[in-house]
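Q: Take this sequence and fold it.
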Amino acid sequence: MSQHGTPLAITASPSGPLRGVAEVPGDKSISHRALILGALAVGETRITGLLEGEDVLATAEAMRALGATVTRHAPGEWHVQGVGVGGFAEPEQVIDCGNSGTGVRLIMGAMATSPITATFTGDASLNRRPMGRVTEPLALFGARAFGRAGGRLPMTVIGAVDPVPVCYELPVASAQVKSALLLAGLNAPGESVVIEREATRDHTERMLAGFGAELRIEDGAEGRVITLTGQPELVAQSVAVPRDPSSAAFPVCAALIVPGSEITVPGVSRNPTRDGLYVTLAEMGADIAFENPREEGGEPVADLRIRYTGALKGVETPPERAASMIDEFPVLAALAGFAEGKTVMRGVKELRVKESDRIDAMARGLEACGVRIEESEDSLSVHGMGPSGVPGGATVESRLDHRIAMAFLVLGMAAKAPVTVDDGAPIATSFPAFEALMTGLGARLGGQTRGESA
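A: Residues are numbered from 1 along each chain as shown. As a prediction, this is how the structure comes out:
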């Protein structure tokens, strides 16, 4: 049963051409970071285009609990009166991060070098996700964490009274862990160093620099070395949040598999650390044009124009590309069912510890829809059935995972028979307007609370 309210089954039926403008929501990663850095800055940070999904709203509430003043002035327009680096107050209540792994891990990092104690929890999905990958390196700063077996929430973090700087090499590519360590390093004296062998999304580094932090980024034989000077005074900023490329992936992929479709998605982030899906789609033969390139909020953006051109071809995504498209693999797997030939996704073991085990969730759902797959611990292969070749006609489990739910609804728009997601309620965590946006483009979607008559 969903932790987001009463389970909401949603059915996607074979749709006619998708046409129009898809105004997807603001970038979730940047929205989290804008709220957190605004809370750590001195003065009032003004944010426009903030994603108002459940995940980000939970982070806004957490910043209030830690002493910042966070107010909503209009849709997407939020102001944050910060408390300064090291100025967080001890929260009076447990901080509930809902479904957000990004939110909880970044907030743990931001408070780990302040002399306060905070307890974190989340929904059933988040409480199953491992936190040790963050709390173990945070212990090097002097923080302590106590949670359930396996390093799981609920968890209490005791911030360091006398934090020390650290030098840490990430064992796995993870923007969440990297960002948590950089946020922790803000209130540690001296220089903290984070080394990543594979580049991950760099929104934290870009935004830290924008708020006035001193950091150096050097690429060398050991990877990317990020050096942050601690205890700066961050200065409040105006942050324009670009549209989320991970959310844009759903209407983009739908338009590429529903015959006759042509859509535009304006103002989407083209950050090169987030661009892996679009590189892959180009290799598959997709017709995607990037128009009006510009910069917004320190991020490169462009307007996307997508046209259906018929069969895409199966490809292999190399392991080194995985970090730049980690959230897009579910919808890529759905799209791959309509390609000609096999699509192989490698280096994707990180998907096993997302909101769900996304490799298993996609594999079981694709099988139920008549698509042949192969999987390993670190890969997923999809045998494409060509345009209009996927049977569909199944009910699949979302497993409390917003991206799994949306991926199978996209698949249902182009399958031979309708596809039902057992619970689409988690979609509200990242893309509250998904159903309205897609039906506005021409998709056939319908939902009902389980227990209602059809």
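Q: show me where the stretch 51-200 of the chain has helices.
A: Along the stretch 51-200 of the chain, the stretches classed as helices by DSSP state H, counting those that start in this stretch are 54-65, 101-111, 132-138, 175-185.
Q: remind me which residues of this protein are low pLDDT?
A: Residues of the chain that meet the criterion pLDDT under 70 lie in 1-5, 448-454.
Q: one more time with 90, if that's ok
A: 1-7, 125, 130, 172-173, 198-199, 220-222, 295-299, 353-356, 388, 447-454 (pLDDT under 90).
Q: Go through the helices of the stretch 51-200 of the chain and name the closest to R201.
A: helix 175-185 (4.4 Å; CB to CB). All C-beta atoms are positioned from the backbone trio N, CA, C, and that covers glycine.
Q: Now do that closest one: which elements does it pack against?
A: The contact analysis (3 or more CB pairs under 8 Å, 6 or more residues apart in numbering; DSSP states H and E) places helix 175-185 against helix 28-40, helix 101-111, helix 132-138, strand 191-196, helix 203-210, strand 223-229.
Q: contacts for it?
A: 29, 33, 36, 40, 101-102, 105-106, 108-110, 112-113, 133-134, 137-138, 141, 143, 163, 165-166, 168, 170, 192, 194, 196, 200-205, 208, 215, 226, 228, 230, 273, 323 (CB atoms under 8 Å, 6 or more residues apart in numbering).
Q: any chance of the helices and strands packed on helix 175-185 in a markdown table, with mean neighbour count and distance to V371 too?
A: Formatted as a markdown table, these follow (neighbours: other CB atoms under 10 Å; distance: least, CB to CB, whole Å):
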| stretch | mean neighbour count | distance to V371 |
| --- | --- | --- |
| helix 28-40 | 28 | 28 |
| helix 101-111 | 27 | 28 |
| helix 132-138 | 21 | 32 |
| strand 191-196 | 20 | 34 |
| helix 203-210 | 21 | 34 |
| strand 223-229 | 19 | 36 |
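Q: can you put the helices of the stretch 51-200 of the chain in JSON lines and add distance to S356?
A: Shown next, in JSON lines, are the helices of the stretch 51-200 of the chain (distance: least, CB to CB, whole Å):
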{"stretch": "helix 54-65", "distance to S356": "15"}
{"stretch": "helix 101-111", "distance to S356": "11"}
{"stretch": "helix 132-138", "distance to S356": "17"}
{"stretch": "helix 175-185", "distance to S356": "16"}
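Q: closest one to G424 among those?
A: Comparing the helices of the stretch 51-200 of the chain by CB to CB, helix 54-65 comes nearest, at 13.3 Å.
Q: export the closest one as PDB, just CAs?
A: Provided in PDB are the C-alpha atoms of helix 54-65 (Å, rounded to 0.1, in the frame of the first residue of the first chain):
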ATOM      1  CA  GLU A  54       6.400  16.200  -2.200                       C
ATOM      2  CA  ASP A  55      10.200  15.500  -2.100                       C
ATOM      3  CA  VAL A  56      11.100  19.100  -2.300                       C
ATOM      4  CA  LEU A  57       8.400  20.300   0.000                       C
ATOM      5  CA  ALA A  58       9.800  17.900   2.600                       C
ATOM      6  CA  THR A  59      13.200  19.500   2.300                       C
ATOM      7  CA  ALA A  60      11.600  23.000   2.700                       C
ATOM      8  CA  GLU A  61       9.900  21.800   5.900                       C
ATOM      9  CA  ALA A  62      13.200  20.400   7.100                       C
ATOM     10  CA  MET A  63      14.900  23.800   6.600                       C
ATOM     11  CA  ARG A  64      12.200  25.400   8.700                       C
ATOM     12  CA  ALA A  65      12.800  22.800  11.400                       C
END
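Q: Contacts for that helix, please.
A: By CB under 8 Å, 6+ apart, helix 54-65 touches 4, 28, 31-32, 35-36, 38-39, 50, 70, 78, 80, 91-93, 95-100, 102-103, 106-107, 118, 428-430, 432.
Q: quick one, phi psi at K354?
A: Main-chain torsions, K354, degrees, to the nearest 10: phi -90, psi -160.
Q: Could you check how far it is from L256?
A: 23 Å (CB to CB, to the nearest Å).
Q: Please say which of these two ends up with more neighbours.
A: L256 (28 against 20; other CB atoms under 10 Å).
Q: Of all the helices of the stretch 51-200 of the chain, which one is nearest S398?
A: Taking those one by one with CB to CB, helix 54-65 is closest: 14.7 Å.
Q: so how far is stretch 32-46 off the chain centroid?
A: 20 Å (CA atoms, centre = their mean, to the nearest Å).
Q: next one: stretch 39-55
A: 17 Å.
Q: What residues of it count as buried?
A: Neighbour-count burial for stretch 39-55 flags 39-42, 45-55 (criterion: 16 or more other CB atoms under 10 Å).
Q: Then stretch 64-74?
A: Quick answer for stretch 64-74 (16+ other CB under 10 Å): 64-68, 70.
Q: sorry, back to before: looking at the helices of the stretch 51-200 of the chain, which is closest to P17?
A: Across these, closest to P17 is helix 54-65 (CB to CB), at 31.6 Å.
Q: relative to helix 28-40, how tilted is that closest one?
A: Counting by axes from the mean of the first three to the mean of the last three CA atoms, to 10 degrees, helix 54-65 lies at 10 degrees to helix 28-40.
Q: coming back round to it: of all the helices of the stretch 51-200 of the chain, which one is nearest L18?
A: When the helices of the stretch 51-200 of the chain are ranked by proximity to L18 (CB to CB), helix 54-65 comes first, at 26.0 Å.
Q: by contact count, what packs against the host helix or strand of Y278?
A: Here Y278 sits within helix 276-283, counting by DSSP states H and E. Packing partners of helix 276-283 (3+ CB pairs under 8 Å, 6+ apart): helix 245-257, strand 287-296, helix 329-336.
Q: Going by contacts, tell me the helices and strands next to the last one.
A: What it means is helix 329-336. Helix 329-336 packs on helix 245-257, helix 276-283, strand 342-346, helix 358-368, strand 379-383, helix 402-414, going by 3+ CB pairs under 8 Å, 6+ apart.
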